[in-house]
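K.L.:
my questions concern the predicted model and sequence given below.
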Amino acid sequence: MTEWEIIAEDGDIVIEFAKPGNKKDAKRKWFNFPWNKKPEESKETEGKLKSCESILISAGILKSMEIRAQSIFRPGHEDVEILYALSGESSKVNTLHQFPVKDILQSSNQGEANVDVENMIAYMKAETGDIPGLIVIIHTHPGGESTPSTEDKLFFSSTAQAIKQHSPATEVFYGIHAISGGSVRAKTDYRKINENTIKWSSITHEHEVSFYTKDAKPGGVNII
């Protein structure tokens, strides 16, 4: 009988065989099966390295966003924009970042927020251990709409450029969290109303969040 042996080299299957009693004539036949390829060579990994096309958000994260946005209102004070961020790896966000106002917001009013990107990145890195693979920067529009203003579009572009200088592989998206109300109302569930917008109502406020790319184009979102 022919003697043979199955061995593995670099993730490929190799069958080593020889004629009876003659080991010197041993030959190898290589079988390069797709599932034996190295991870970096697989189509699945290839896909993961491509830009994510849709942000995935859980109900738990949306609840945290609701609480964060509703905290901006103070009796007797003018409503101002605030900024917070979501982060994660791949397309799923799993962390909400709240930033110290004095270190992140250089100025803020009803229509604009000037942000210290360097400090924002430093806080996110300190909290997660590294610059996340996905960052979604969100600011509120108190009593407004979830569409970007001219100032917002400039903000999207400039902050994305600054983040890419620190981490070229990081995907950067933006969200505008429009919030209005302030009186008791019927609570409604989170629902996706178009490609890039989620809407709901807490017992006190109406919430609508729309997501955008750094170029101010609609960014896909799904509730998981």
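P.N.:
Good, I have the coordinates.

K.L.:
and the helix or strand hosting residue 86, which strands flank it?
P.N.:
Using DSSP states H and E, residue 86 falls within strand 83-89. Within its sheet, strand 83-89 is paired with strand 92-98 (antiparallel), strand 134-142 (antiparallel), according to DSSP bridges.

K.L.:
with distance to residue 86, mean neighbour count and mean pLDDT added, can I get those in TSV?
P.N.:
C-beta here means a position set from N, CA and C on the backbone, and glycine is covered the same way. TSV is the format used below for the strands paired with strand 83-89 (distance: least, C-beta to C-beta, whole Å; neighbours: other C-beta atoms under 10 Å; pLDDT from 0 to 100):
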stretch	distance to residue 86	mean neighbour count	mean pLDDT
strand 92-98	4	18	94
strand 134-142	4	23	94
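
K.L.:
dump the ones you listed into TSV; add distance to residue 82 as well.
P.N.:
Output for the strands paired with strand 83-89, formatted as TSV (distance: least, C-beta to C-beta, whole Å):
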stretch	distance to residue 82
strand 92-98	9
strand 134-142	5
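
K.L.:
what's around residue 205, how many residues?
P.N.:
For residue 205, the number of neighbouring residues by other C-beta atoms under 10 Å comes to 18.

K.L.:
what sits against it?
P.N.:
When contacts are counted by C-beta atoms under 8 Å, 6 or more residues apart in numbering, residue 205 is found next to 66, 69-70, 179-182.
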